[in-house]
Structure formats: C-alpha cells, structure tokens
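Visitor: make a model of this:
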Amino acid sequence: MDVKNLTIAFTIAGYCIFAALIISIPFKIKKLKSECGELKMALRSDFPLRSILTFAVCALLLGVIPFRNFQLYLSVVFILTALLGSSIASKQVVNSGINGIYENMIISDTTAIKYENILSLPTLSYENQKETTNVDFRLLEILTKSGAKITMVFPNEQTRNQALNVILEQCPRLKTEE
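Guide: The predicted structure is shown next:
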C-alpha cells in the first residue's frame, strides 16, 4: 500500500470515528442519566458553545487533509488531534445538560465520577489549618481510587460549601480523612 492510499485510509477512519463520537452523544446521555440516580443539587451548566465550536474546528481539520498534500505523519497528527478534541467536546456536551450532584455520582463539565470511585477529598484535610494560606475556597479537590486528582471549580464559596454538604450527605465516608 503506498503512502497516498494509507493517507486516504487513515482519513476515512478518522471521519468514521468522528461521526461515531457525535452519533454516540444521545446514547451516552441516556446511559449516564440511568446511572446517576436522583438529582440532589444542580450545578451551573453552560450551553456547550465551546464544544460545538470545537467540533466545527475538528471537522475543518479533518476536511483539510484530502485537499492538501501533507506527509503521512502530518496527516495522522491532524487526524489524532481532531479526534482528541472531538472526544473531549463530546464529553462536555454529554455532561453539560446534566451537571449536578446526584444520588450515585457527581457530574461536572467533562467529569462524571461515582462515589464508590472517590478515595478522598484532600482539600478538607488542609483548608482550615492555620498554617495553610492562599486556599481558594471555590475549589474542591477529589482524589479517585485510580490516583487521578479532579478539581471542581464553583462560582463562589457558598455554592462550593452547599455542594460539599450534599456530597458528604450522599457519601458520609468522605467526612473523615485517613
């Protein structure tokens, strides 16, 4: 297979994956809604304009490849960049309409995490200590069992405290730091 045919094959595969990411959004929303349980507190949700623009730019990036004579590696980089951007945008579109703290999980922007996967809330262990300075009380750090650290950003301290109280009601084991 020559380089031109490889480029065409990668481009077609990129188009198919891009289409699959967009087509799968309603199914992902339905699945997430079935897993999250009852809404306990709604979180601010922006219309995913950024995500729509990201999809448009990614489609443009994929659309440029057939009309330019890029080397294979550059075409692959463009395709992978477009697919990565589309994947992130699709997560944001899925979560944007249902951002909130639920009975079984927390959904915020591109993150949806079940309580059973949360190891701790490290912010709670240091934020009220006298030695700790420059703590942004709009942030809440979540440490997952896989070792990932997720930082949730709230519009103000009051909203963050309300959300924290709801999270601790739903998952009381997070109240104590070990």
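Visitor: packing partners of the helix or strand residue 160 falls within?
Guide: Element membership for residue 160 (DSSP states H and E) is helix 157-170. Under the contact definition 3 or more Cβ pairs under 8 Å, 6 or more residues apart in numbering; DSSP states H and E, helix 157-170 sits against strand 39-42, strand 100-102, strand 139-144. Every C-beta, even on glycine, is put in place using the N, C-alpha and C of the backbone.
Visitor: mind redoing it with 7 Å?
Guide: Packed against helix 157-170 by the contact rule (3 or more Cβ pairs under 7 Å, 6 or more residues apart in numbering; DSSP states H and E) you find strand 39-42, strand 100-102.
Visitor: can I get the CA coordinates of that helix in PDB?
Guide: The C-alpha trace of helix 157-170 is given here as PDB (Å, rounded to 0.1, in the frame of the first residue of the first chain):
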ATOM      1  CA  GLU A 157     -17.600  29.700  48.200                       C
ATOM      2  CA  GLN A 158     -21.300  29.400  49.200                       C
ATOM      3  CA  THR A 159     -22.100  27.200  46.200                       C
ATOM      4  CA  ARG A 160     -19.000  25.100  46.900                       C
ATOM      5  CA  ASN A 161     -20.000  24.600  50.600                       C
ATOM      6  CA  GLN A 162     -23.500  23.700  49.600                       C
ATOM      7  CA  ALA A 163     -22.200  21.200  47.100                       C
ATOM      8  CA  LEU A 164     -19.700  19.800  49.700                       C
ATOM      9  CA  ASN A 165     -22.500  19.300  52.200                       C
ATOM     10  CA  VAL A 166     -24.600  17.400  49.600                       C
ATOM     11  CA  ILE A 167     -21.600  15.200  48.600                       C
ATOM     12  CA  LEU A 168     -20.900  14.400  52.300                       C
ATOM     13  CA  GLU A 169     -24.600  13.500  52.800                       C
ATOM     14  CA  GLN A 170     -24.500  11.200  49.900                       C
END
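Visitor: follow-up on the earlier one: residue 64 is nearest to which of the helices and strands packed on helix 157-170?
Guide: Proximity to residue 64 (Cβ to Cβ) singles out strand 100-102 among the helices and strands packed on helix 157-170, at 38.2 Å.
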